[in-house]
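**Student:** have a look; sequence and predicted model below, questions after that.
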Amino acid sequence: MTPKQIENQLDKKQATVNANFPQGHWMANKEHLMKFYEWNTFFRRNLDMYARWYFGFKLYPYQHVEIYQANINTTTVIIGSRATAKSYWAAQTACCVASLYPKSEVVICSATKKAARLIVNEKIRNKLMPESAMLRREIETIIDNQNDTTIKFRNGSTIVVLPALDTSRGARSTFIIYEEFRQIDKFIVDSVISPMQEVRPTPYKDEYPELVEEPKDAYISSAWYTSHWMADVVKDAYNDMINDKPSFLLGLDYSVSLAHKIKTRELILKDKKKFDPMTYRIEYLNEMIRENSAAFFSHQMFTDKQKSKKPFYP
């Protein structure tokens with residue numbers, strides 16, 4: 001589109017934003033403003049291209065699909081086997097959303113804070129930032145201690161790490177990533193984490209109510225037994241997706257890690273010898289195992305009884 005065609009689609013306030021900048025500023029130029037609108041619109045419609053072109057992240061084809069779908073849907077569910085880069089996807093998507101949407105409040109939630117902090121430290125700080133000069137420019141500071149793990153962006157966005165505990169009450173989010181959500185208690189999700197969601201605090205909410213953005217949820221995990229509540233999340237996402245609702249479900253087995261040389265055939269066979277058949281089906285074949293209908297006890301019943309109500313600390 002030409003700058004004139006873009007301008008014709010804007011209202012009076014949008015078309016004169018350049019007047020708010022001092023003379024000599026790059027954005028004071030009307031043509032520059034139109035280019036900004038064009039690229040901003042393109043990237044918000046194609047978040048995977050933002051990750052690839054702007055940040056320079058190296059993406060496999062299936063990772064393009066993951067990032068793209070997470071941006072255009074309000075619910076994303078990814079069930080993947082070992083070595084399908086689920087945590088890497090979480091790190092890349094969190095950075096893209098925080099950078100492209102000012103004042104975003106991205107929350108990475110895990111069963112333990114240590115597990116969620118790995119995404120910030122191992123993936124974002126140690127891998128993505130050294131490879132991307134643009135990401136280093138976007139991030140203002142990283143706070144990482146026992147009480148607070150937060151990445152602050154120059155545009156006012158944040159990425160916050162929270163454990164799935166009752167003590168996490170009070171936080172707010174516009175995008176929640178549930179990391180390895182099969183390990184998270186359903187009661188905590190419903191009573192503490194999910195109520196954090198709010199609309200992104202943009203200046204146009206009152207003037208343009210039709211442009212208000214829905215908060216988003218992303219669930220990532222390896223497979224588990226169908227008696228777990230994650231089976232309901234998978235089922236709901238599947239039903240919504242085939243009925244053209246804003247949900248996306250993706251399953252990834254070991255063939256993905258083989259195709260992209262993340263793991264070798266010999267390494268997977270070596271692990272197969274160590275695992276019992278059930279564990280191998282869950283961890284590598286990515287199967288949601290269903291208990292025998294004739295079983296007197298379900299796997300969930302045993303799991304619930306393994307939780308110590310009064311642990312003793314020496």
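**Tutor:** That came through, no problem. Numbers count the residues shown, from 1 in each chain.

**Student:** what's the burial count for residue 96?
**Tutor:** Other residues near residue 96 number 24, with proximity taken as other C-beta atoms under 10 Å. (C-beta placed from N, C-alpha, C; glycine too.)

**Student:** that one and residue 194: what is the separation?
**Tutor:** 23 Å (C-beta to C-beta, to the nearest Å).

**Student:** before we move on, what about residue 37?
**Tutor:** Taking C-beta to C-beta, one finds residue 37 at 34 Å from residue 194.

**Student:** looking at the two, which one has more neighbours?
**Tutor:** Taking other C-beta under 10 Å, residue 37 and residue 194 do not tie; residue 37 has more neighbours (19 against 15).

**Student:** my guess is the more buried one meets residue 6, correct?
**Tutor:** Yes - applying C-beta atoms under 8 Å, one finds residue 37 in contact with residue 6, separated by 5.6 Å.

**Student:** where in the stretch 201-314 of the chain is pLDDT low?
**Tutor:** 205, 291-306 (pLDDT under 70).

**Student:** can you give me the strands in it?
**Tutor:** Using DSSP state E, counting those that start in this stretch, the strands of the stretch 201-314 of the chain run over 216-221, 247-252.

**Student:** and the ones you listed as a markdown table, adding mean neighbour count and distance to residue 64?
**Tutor:** Below are the strands of the stretch 201-314 of the chain laid out as a markdown table (neighbours: other C-beta atoms under 10 Å; distance: least, C-beta to C-beta, whole Å):
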| stretch | mean neighbour count | distance to residue 64 |
| --- | --- | --- |
| strand 216-221 | 24 | 16 |
| strand 247-252 | 20 | 12 |
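
**Student:** out of these, nearest to residue 69?
**Tutor:** Residue 69 lies closest to strand 247-252 among those, at 4.1 Å (C-beta to C-beta).

**Student:** that closest one pairs with which strands?
**Tutor:** strand 75-80 (parallel) (DSSP bridges).

**Student:** the partner strand: how far from the chain's middle?
**Tutor:** 9 Å (C-alpha atoms, centre = their mean, to the nearest Å).

**Student:** go on, stretch 81-89?
**Tutor:** Worked out by C-alpha atoms, centre = their mean, stretch 81-89 lies 12 Å from the chain centre.

**Student:** over to stretch 37-54?
**Tutor:** Averaged C-alpha coordinates place stretch 37-54 at 17 Å from its chain's average position (C-alpha atoms, centre = their mean).

**Student:** and it, how far apart are its ends?
**Tutor:** With C-alpha to C-alpha, to the nearest Å as the measure, stretch 37-54 spans 16 Å from end to end.

**Student:** list the buried residues of it.
**Tutor:** Using 16 or more other C-beta atoms under 10 Å as the test for burial, stretch 37-54 gives 37, 43, 46, 47, 48, 50, 51, 52, 54.
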